[in-house]
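# with the sequence up front, the predicted model follows.
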Amino acid sequence: MEAKVIRSRRKTLSLCVTREGEVVVRAPYGVSGEYISAFLAKHAAWVEKRLSAVSRRPALDLRDGASLSLFGTPYFIGSGRARIAGGTLFLPEEGREEALTRLLKKFSLQVMAQVTARIAEKYGFSYRSVRISSARGRWGSCNRDGVIAYTFRVAFLPPKLCEYVAVHELAHTVVFNHSGEFWEIVEGILPDWKARRKALKSDPAIEYL
């Protein structure tokens with residue numbers, strides 16, 4: 001297996017697969033090539049899984065004139081300072097993905113904070129705050145302090161699925177697991193939660209950017 005090896009004054013080995021599909025091993029200066037090869041062989045299954053996910057990752061068309069749906073609303077893409085104005089999503093000529101990521105972190109916080117507050121007020125949930133993360137493996141999370149985090153990629157979801165994610169995390173402020181009691185809370189708010197959950201699991205947006 002081919003891999004890029006980066007040596008430094010670290011004490012342990014680490015392994016990652018970049019978004020471009022490059023396998024990278026970070027290793028201490030004193031570790032031999034044979035040891036690194038054995039390390040790679042041990043984690044070969046994980047590497048293959050990540051490489052497969054990278055190859056299936058959907059691409060966004062960010063060219064001028066293309067259309068991108070954010071929270072269910074379509075926007076045309078144009079050139080300019082990163083912002084949303086009217087029905088246009090403006091992005092700079094260079095570094096469009098990075099600019100879009102920064103923009104969506106702000107936009108997602110604004111939208112999801114409102115969605116969360118609305119549901120919490122209507123159904124009597126209490127939480128501490130809402131923040132936005134860059135998480136790729138999950139749409140949202142809630143810790144025991146009542147801090148709810150959403151990945152900025154929720155911006156690519158339609159409103160019904162964003163609502164499901166918010167209800168899911170708010171339910172965790174009451175039940176911190178996925179027991180029957182937890183799902184009863186979710187179903188009391190969203191009787192069609194199973195259909196929404198299924199649609200969410202099949203949505204490729206978690207792999208965008």
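Happy to help now that I have it.
# what about S79, how many residues nearby?
S79 has 12 neighbouring residues, counting by other Cβ atoms under 10 Å. In short, each C-beta sits where N, CA and C put it, glycine included.
# to clarify, my last question referred to L70.
Using other Cβ under 10 Å, L70 is surrounded by 19 other residues.
# again with R96
For R96, using other Cβ under 10 Å, the count is 17.
# next, the closest residue to it other than its chain neighbours: phi, psi?
Nearest non-adjacent residue to R96, counting by Cβ to Cβ, 6 or more residues apart in numbering: L62, 4.5 Å away. For L62, the backbone dihedrals (degrees, to the nearest 10) come out as phi -110, psi 20.
# and for T88?
With angles defined as degrees, to the nearest 10, T88 sits at phi -120, psi 140.
# same question for F90.
Taking degrees, to the nearest 10 as the convention, F90 sits at phi -90, psi 130.
# could you pull out the helices for the chain?
Counting by DSSP state H, the chain has these helices, from start to end: 33-42, 44-56, 96-123, 159-171, 180-189, 193-202.
# the fourth one: which residues count as buried?
When you say that, I think you mean helix 159-171. Going by neighbour count (16 or more other Cβ atoms under 10 Å), the buried part of helix 159-171 is L161, C162, E163, Y164, V165, A166, V167, H168, E169, L170, A171.
# now swap in the last one and tell me
When neighbours are counted by 16+ other Cβ under 10 Å, the buried residues of helix 193-202 are found to be W193, R196, R197, L200.
# for the third one, give me the pLDDT.
So that's R197. Per-residue confidence (pLDDT) for R197: 97.
# need the residue closest to the centroid of the chain.
Centroid check for the chain by Cα atoms, centre = their mean gives R136 as the closest residue, at 3.5 Å.
# what is the neighbour count of the closest residue to S141 other than its chain neighbours?
Residue nearest to S141 in three dimensions, not counting chain neighbours: A149, with 5.0 Å by Cβ to Cβ, 6+ apart. Using other Cβ under 10 Å, A149 has 18 neighbouring residues.
# got it, and G140?
22.
# surely it touches L170?
No: taking Cβ atoms under 8 Å as the definition, G140 is not a contact partner of L170, at 9.6 Å.
# give me the common contacts of these two.
Jointly contacting G140 and L170 under the rule Cβ atoms under 8 Å, 6 or more residues apart in numbering are I148.
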